[in-house]
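Asks: dropping the sequence and predicted coords here.
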Amino acid sequence: MEVNIVTDELKNIINKITYKGIADSQKSLLIETCKDNVECFVCNPVYAIELKMTIPADIIEEGRTLIPNSLFKVIQAINADAITITDNGIEYGKNTIKYVPTDTREFIKVDKDKRKNLLFSIPEKELYGLIKSTFYAVAIDETRPILTGLNFNKNNVAALDGYRLAVSESKEFNIDGSITLSCQTIKALLKILDKKSDDIVNFYITQNQDFIIIEINNITVTAHLLDGNYIKYDSIIPEDHDYEIEIDVKELLKKLKFMFELKKSVPEIVRLTIDHTQLYIENNNSSADIKDSIGINVIEHGYLPFSIAFNPLYLRDALKKCNVLAIMQFSTSVSPALIKANNNLDLVLPIRFKE
């Protein structure tokens, strides 16, 4: 094998590689010729995720090779416009990097049905925004595996971890049915997607309905879908409420940042109290008894003052994707609260507190 390619193209795919707990051969980069291109593969067979990038190349001799991951940092430091890749080496200018070739048959690709149907298409920046607006609520606990992924249903993207629900709606896509992408697939997409690009991303599903194939320009991501039916989260979203307020998101976030550490390792409780014109924010974990307030617009209310408590980290996550204003709805101090802004909806379970 001997091919000439643009150095930055090789660096680009190396930047997008993620792997954990897989064999050394899978941590290597498989490169093989295909017509006037080379196809670069990285595959994690543990999670059945494969990343392929197609790069234009000058093919001198057809073939395939495995570039060991130990050379990735060396390649990133190459200062040359183009490089030549052979069976056992990399050449640029007058420099040569030699490596012991690994049998390419040791590299495992994702075994999938090659027949596929277009599921939906969506602009790249829209997909990135939907993922960022919901991914934080994906479950970490694998007791219910289906909740460890991100669900696409009709024109919604949702995540649910048992304590909160995040849903984002989009007019840019619509599917007939429901699919759930694994956490590992979403992490791979976040490294690939350009949050400013208007390019179209195409989602295909295999005939067997078990793999999703995502095409992003010259990159193809193939991943196994999570098995099972996702929870019908519409049924847990309250239809009625007794209290509704409009808040300045930036002001509330500023208070939370000042009053709380906002770390997963630090257990904290924020107590919110609604009065006729003010929202009082209180740190119930501090011996100093920190208390502050912001002005609010009370749209609807029952008996005031009304108090409710939350994990401040969950509250921060739900608010930080909002623009200027958000609507918060409550019923009782032990009922889920809703936070609405733009096309986003968050449901957050409260924490019981003692008076």
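Replies: All right, it came through fine.

Asks: report the next helix or strand after the lowest-mean-pLDDT helix or strand in the chain in sequence order.
Replies: The weakest-scoring helix or strand in the chain, judged by mean pLDDT, DSSP states H and E, is helix 24-27 (a mean of 70). Per DSSP states H and E, helix 24-27 leads on to strand 29-34 as the next helix or strand towards the C-terminus.

Asks: quick one: contacts for the nearest residue to residue 116 once chain neighbours are set aside?
Replies: If the residues on either side of it in the chain are set aside, residue 116 comes closest to residue 204, at 4.1 Å by CB to CB, 6 or more residues apart in numbering. (C-beta placed from N, C-alpha, C; glycine too.) Residues near residue 204 by CB atoms under 8 Å, 6 or more residues apart in numbering: 116, 117, 118, 119, 212, 213, 214, 215.

Asks: again, only this time at 10 Å
Replies: 115-121, 211-215, 220, 222 (CB atoms under 10 Å, 6 or more residues apart in numbering).

Asks: what is residue 123 paired to in the beta sheet?
Replies: Counting by DSSP bridges, residue 123 forms beta bridges with residue 200.

Asks: correct me, but it touches residue 202?
Replies: No. If you go by CB atoms under 10 Å, residue 123 and residue 202 don't touch, sitting 11.2 Å apart.

Asks: drop anything exposed from the contacts of residue 204.
Replies: 116, 119, 120, 211, 212, 213, 214, 215, 220, 222 (16 or more other CB atoms under 10 Å).

Asks: so the fifth one bridges to which residues?
Replies: Put plainly, it is residue 212. residue 205, residue 223.

Asks: quick check, pLDDT for it.
Replies: Note on residue 212: pLDDT of 96.

Asks: for the first one, same thing?
Replies: What the model reports as pLDDT for residue 116 is 92.

Asks: centroid-nearest residue for the protein?
Replies: residue 186 (4.3 Å; CA atoms, centre = their mean).

Asks: list the contacts of residue 145.
Replies: Residue 145 makes contacts with 139, 180, 182, 226, 227, 228, as judged by CB under 10 Å, 6+ apart.

Asks: ok, and the most crowded of those residues?
Replies: residue 180 (23 neighbours; other CB atoms under 10 Å).

Asks: any idea how far residue 209 is from that residue?
Replies: Going from residue 180 to residue 209 by CB to CB, to the nearest Å gives 12 Å.

Asks: who touches both of those two?
Replies: residue 225.

Asks: give me the secondary structure label for the nearest residue to residue 203 once chain neighbours are set aside.
Replies: Nearest non-adjacent residue to residue 203, counting by CB to CB, 6+ apart: residue 119, 4.5 Å away. Three-state call for residue 119 (DSSP: H, G, I helix; E, B strand; the rest coil): strand.

Asks: go on, residue 251?
Replies: Here residue 251 is recorded as helix under three-state DSSP.

Asks: and stretch 216-229, C-alpha only, in PDB?
Replies: Taking Å, rounded to 0.1, in the frame of the first residue of the first chain, the C-alpha atoms of stretch 216-229 are listed here in PDB:
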ATOM      1  CA  ILE A 216     -22.100  13.900   8.400                       C
ATOM      2  CA  ASN A 217     -20.300  15.200   5.300                       C
ATOM      3  CA  ASN A 218     -17.400  12.800   4.700                       C
ATOM      4  CA  ILE A 219     -17.900  11.000   8.100                       C
ATOM      5  CA  THR A 220     -20.200   8.000   8.700                       C
ATOM      6  CA  VAL A 221     -21.100   6.900  12.200                       C
ATOM      7  CA  THR A 222     -22.600   3.400  12.500                       C
ATOM      8  CA  ALA A 223     -24.000   2.400  15.900                       C
ATOM      9  CA  HIS A 224     -26.200  -0.200  17.500                       C
ATOM     10  CA  LEU A 225     -29.500   1.200  18.800                       C
ATOM     11  CA  LEU A 226     -30.600   0.600  22.300                       C
ATOM     12  CA  ASP A 227     -33.100  -2.200  22.600                       C
ATOM     13  CA  GLY A 228     -36.600  -1.800  24.100                       C
ATOM     14  CA  ASN A 229     -39.400   0.800  24.200                       C
END
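
Asks: for the record, mean pLDDT for it?
Replies: 94.
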